[in-house]
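Undergrad: Can you look at this prediction? I've put the sequence above it.
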Amino acid sequence: MEKKAVRVAYGEALVKLGESNEKVVVLDADLASATMTNAFKKAYPNRFYDCGIAEANMVDMAAGISTMGLIPFCSTFAVFAGRNYDQIRNGVCYPKFNVKFGFSHAGITLGEDGGSHQAIEDLALMRVLPNMTVLVPSDANECYQCVEAAAKIDGPVYIRTARLATPVYDPRPFTLGKGTVIKDGKDLVIFTCGIMLEHTLDAVDVLAQKGVDAALVSFHTLKPFDEELARTYAAKCKNVFTVEEHSVIGGLGDAVASAVIGKGVEKFKKIGINDVFGQSGKPADLLLEYGLTGPQIAENILGSL
Amino acid sequence: MDLQALKNHAREVRKDIIIMTSKAGAGHPGGSLSCTDALVALYFEVMNVSPEKEKDPNRDRFVLSKGHAAPALYGTLCERGYFGKEEFDKFRQLHGILQGHPDIKKCPGVDASTGSLGQGISIAVGMALGAKHTGNPCHVYTVIGDGESQEGLVWEASMAAAHYKLDNLTVILDHNGLQIDGSNDEVMSLGDIKAKALAFGYDVIEVDDGNDMEKVVTALKAPACPGKPRYILLNTLKGKGVSFMEGQVGWHGKAPNAEQAAEALKELEG
């Protein structure tokens, strides 16, 4: 199967968007070759602004740029969502300025750079901000759709992308704010987001071999969250599991929990990073270390039933 | 320039600051009074703005980076006709348009929501860059504080302003020398702020008395220096115009009570 990093798709999507929309400008903080905005820089040098290693200033500059009718996309590492949080909160979300954030290298699959750079809290930070839309594409094709959708929203949008090359699935119908049923099932449901789609698909296969029919639902939009779909599957399957490459606090798991609480759920478990920081290592080794490979997820689920 | 008219507007705005903060029992009179002359000069003499063209894309922009001086901005906007004085009753109150700090979503004439120090200048830099990008002829003005200049973001923004040669940007420093916990030198010395501004690539104009209307207007109207952002260092007096507040750090974030307000208004009315 073809593999492509979601961040690469982000860079390609910006170039495509820039072709049809002259209002799109891109800002980066000396990481264009990592966030992949260098593709846009090459295609439209006059619409690319490097802000230097000053992420906070990048965000407020984007806020100011947006007031001139432009649509700025800011990019840096997801871990810096904490560094420029005040600017995202007060400079952009509070006045509801039309600024987009494409933050890459999220989660532990960032790999070798280690815990200092592995964002496991960005979704929690972004979900809690009023006016913010939060998108977590699961593969390259969904990333193209997310970038296109983000440009159509009049207001701030956070798009979380990953460094690691991951499988590219056939394009699926995309509706902002709606979850996607990847596989129907009756014994339990797994809710996931982002690049954990690959590993939850593996988990579903392992569960099937054990005679367990699991449903799998992926959410590219964490906010506004498709609570209705979450409730429908929770009511149908009773056993609910969430899987994300993020802290189990404040991310997808909590979005699902808020939606399904009191809806007759028998088992509920959040699988993710258990309130610890990451560390250096190869992405595959890290997934294993933190229990996020398909077989481990399946085992975790079976042990909970 | 009708200097007397400008001075009259400034006096009215100072009275508004006292009325507003006194009624609310809260707010920041000291740093509002110190930048009043600059705001009046901008809105009545320098900037291409008016309530009639509040949404005109080509209007000049103003960002009050030291957002806690909101009473000075509200007084000026009211005096300029953006809203009526009845709004002062709801300053800092539930459902009021005059929030504790300027809110673009609620208050007519406000170009950016500010209050988190350091952010306004950075937003102003973005506006100026965006204006250059789109060919918008507007000029962007921002008033920053001296205490605010302790924020790293002020200098990140300044570096970017010089890098992108934003000669459509004017940064105005309200240098009254005092902040919440004491003088700048006691809290965190700014060192040679003029040398710093020069070193960051600004074209700098220093005004020895930043509360002298004529000098302020002259500085604000000085022709732009091509390829360089402008920095106007206004040496001001905190609490200017109300003698018991002048130079007193205690009036940074404290509202006058009814008796003090009456005394202040009497003095301002002369």
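TA: Looks like it arrived, so ask away.
Undergrad: Going by C-alpha atoms from here, please, whenever you check contacts or count neighbours.
TA: Will do.
Undergrad: For the closest residue to B:Val143 other than its chain neighbours, list each beta-bridge partner.
TA: Leaving aside its chain neighbours, B:Val143 sits nearest to B:Ile172 (4.6 Å; criterion: C-alpha to C-alpha, 6 or more residues apart in numbering or on different chains). Per DSSP bridges, the residues bridged to B:Ile172 are B:Val143, B:Ile232.
Undergrad: B:Ile172 and B:Leu233 touch, don't they?
TA: Yes: here B:Ile172 reaches B:Leu233: they are 6.1 Å apart, a contact under C-alpha atoms under 8 Å.
Undergrad: Span of stretch B:34-54 from start to end?
TA: End-to-end distance of stretch B:34-54: 26 Å, with C-alpha to C-alpha, to the nearest Å as the criterion.
Undergrad: buried ones in it?
TA: B:34-47, B:49-50, B:54 (16 or more other C-alpha atoms under 10 Å in any protein chain shown).
Undergrad: Buried residues in stretch A:7-22, which are they?
TA: Of the residues in stretch A:7-22, A:Arg7, A:Val8, A:Ala9, A:Tyr10, A:Gly11, A:Glu12, A:Ala13, A:Leu14, A:Val15, A:Lys16, A:Leu17, A:Gly18 count as buried by neighbour count, 16+ other C-alpha under 10 Å.
Undergrad: Give me the subset of those lying in helices.
TA: Counted as lying in helices by DSSP state H, out of the buried residues of stretch A:7-22, are A:Arg7, A:Val8, A:Ala9, A:Tyr10, A:Gly11, A:Glu12, A:Ala13, A:Leu14, A:Val15, A:Lys16, A:Leu17, A:Gly18.
Undergrad: what number of residues lie near A:Gly250?
TA: A:Gly250 has 18 neighbouring residues, counting by other C-alpha atoms under 10 Å in any protein chain shown.
Undergrad: which SS state does it fall under?
TA: What DSSP: H, G, I helix; E, B strand; the rest coil gives for A:Gly250 is coil.
Undergrad: any idea how far the residue nearest to B:Val143 lies from B:Gly120?
TA: For B:Ile172, the distance to B:Gly120 - C-alpha to C-alpha - is 12 Å.
Undergrad: residue at max distance from the center of chain A?
TA: Going by C-alpha atoms, centre = their mean, the residue of chain A most distant from its centre is A:Gly211, 30.9 Å out.
Undergrad: coming back round to it: would you list the buried residues of stretch A:7-22 in a markdown table and tack on distance to chain B and pLDDT?
TA: Listed next are those as a markdown table, based on distance: C-alpha to the nearest C-alpha, whole Å; pLDDT from 0 to 100:
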| residue | distance to chain B | pLDDT |
| --- | --- | --- |
| A:Arg7 | 25 | 97 |
| A:Val8 | 27 | 97 |
| A:Ala9 | 27 | 98 |
| A:Tyr10 | 23 | 98 |
| A:Gly11 | 22 | 98 |
| A:Glu12 | 23 | 98 |
| A:Ala13 | 22 | 98 |
| A:Leu14 | 18 | 98 |
| A:Val15 | 18 | 98 |
| A:Lys16 | 20 | 98 |
| A:Leu17 | 18 | 98 |
| A:Gly18 | 15 | 98 |
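Undergrad: could these be laid out in JSON lines, adding distance to A:His117?
TA: Converted to JSON lines, the buried residues of stretch A:7-22 look like this (distance: C-alpha to C-alpha, whole Å):
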{"residue": "A:Arg7", "distance to A:His117": "16"}
{"residue": "A:Val8", "distance to A:His117": "19"}
{"residue": "A:Ala9", "distance to A:His117": "21"}
{"residue": "A:Tyr10", "distance to A:His117": "20"}
{"residue": "A:Gly11", "distance to A:His117": "20"}
{"residue": "A:Glu12", "distance to A:His117": "24"}
{"residue": "A:Ala13", "distance to A:His117": "24"}
{"residue": "A:Leu14", "distance to A:His117": "24"}
{"residue": "A:Val15", "distance to A:His117": "27"}
{"residue": "A:Lys16", "distance to A:His117": "29"}
{"residue": "A:Leu17", "distance to A:His117": "29"}
{"residue": "A:Gly18", "distance to A:His117": "29"}
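Undergrad: What is the nearest of those to A:Ile249?
TA: A:Arg7 (24.3 Å; C-alpha to C-alpha).
Undergrad: Pretty sure that closest one sits against A:Ala39.
TA: No: the criterion here is C-alpha under 8 Å, and A:Arg7 misses it with A:Ala39 at 11.3 Å.
Undergrad: where do the helices sit along the stretch 1-150 of chain A?
TA: Taking DSSP state H, counting those that start in this stretch as the test, the helices found in the stretch 1-150 of chain A are A:6-20, A:32-35, A:38-43, A:55-66, A:85-86, A:122-127, A:140-152.
Undergrad: highest average neighbour count across those?
TA: Stretch with highest mean neighbour count among the helices of the stretch 1-150 of chain A: helix A:55-66 (a mean of 31; mean count of other C-alpha atoms under 10 Å in any protein chain shown).
Undergrad: Only alpha carbons, please: show it as CSV.
TA: Provided in CSV are the C-alpha atoms of helix A:55-66 (Å, rounded to 0.1, in the frame of the first residue of the first chain):
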residue,chain,number,x,y,z
GLU,A,55,6.3,31.2,16.8
ALA,A,56,4.3,33.5,19.0
ASN,A,57,4.9,36.4,16.7
MET,A,58,3.9,34.3,13.7
VAL,A,59,0.5,33.6,15.2
ASP,A,60,-0.3,37.3,15.9
MET,A,61,1.1,38.4,12.6
ALA,A,62,-1.3,36.0,11.0
ALA,A,63,-4.0,37.5,13.1
GLY,A,64,-3.2,40.9,11.7
ILE,A,65,-2.8,39.6,8.2
SER,A,66,-6.2,38.1,8.3
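Undergrad: Other residues contacting that helix?
TA: A:27-29, A:51, A:71-74, A:76, A:80, A:83-85, A:87-88, A:91-92, A:97-99, B:119-120, B:122-131, B:153, B:156-157 (C-alpha atoms under 8 Å, 6 or more residues apart in numbering or on different chains).
Undergrad: Quick one, which of those residues are buried?
TA: By neighbour count, with 16+ other C-alpha under 10 Å, the contacts of helix A:55-66 hold A:27-29, A:51, A:71-74, A:76, A:80, A:84-85, A:87-88, A:91-92, A:97-99, B:119-120, B:122-131, B:153, B:156-157 as buried.
Undergrad: How is the residue lying closest to B:Gly241 once chain neighbours are set aside assigned, secondary-structure-wise?
TA: In this structure, B:Gly241 finds its nearest non-sequential neighbour in B:Leu268, 6.5 Å apart by C-alpha to C-alpha, 6+ apart. Classification of B:Leu268 using three-state DSSP returns helix.
Undergrad: show me what contacts B:Leu268?
TA: Neighbouring residues of B:Leu268 by C-alpha under 8 Å, 6+ apart: B:Arg11, B:Arg14, B:Lys15, B:Gly241, B:Val242.
Undergrad: Show the average pLDDT along stretch B:5-13.
TA: Here stretch B:5-13 scores 98 as its mean pLDDT.
Undergrad: ok, the buried residues of stretch A:7-22 vs B:Asp2, which is closest?
TA: B:Asp2 has its nearest neighbour among the buried residues of stretch A:7-22 in A:Gly18, at 48.9 Å by C-alpha to C-alpha.
Undergrad: List the residues that contact that closest one.
TA: So A:Gly18 contacts A:Val24, A:Val25, A:Phe40, A:Tyr44 (C-alpha under 8 Å, 6+ apart).
Undergrad: what's the offset of stretch B:185-205 from the middle of its chain?
TA: 18 Å (C-alpha atoms, centre = their mean, to the nearest Å).
Undergrad: again, but for stretch A:202-213
TA: 25 Å.
Undergrad: who does residue 183 bridge with?
TA: Using chain A. Those that pair with A:Lys183 in a beta bridge, by DSSP bridges, are A:Leu216.
Undergrad: right idea, wrong chain: chain B
TA: Going by DSSP bridges, B:Ser183 forms beta bridges with B:Leu178.
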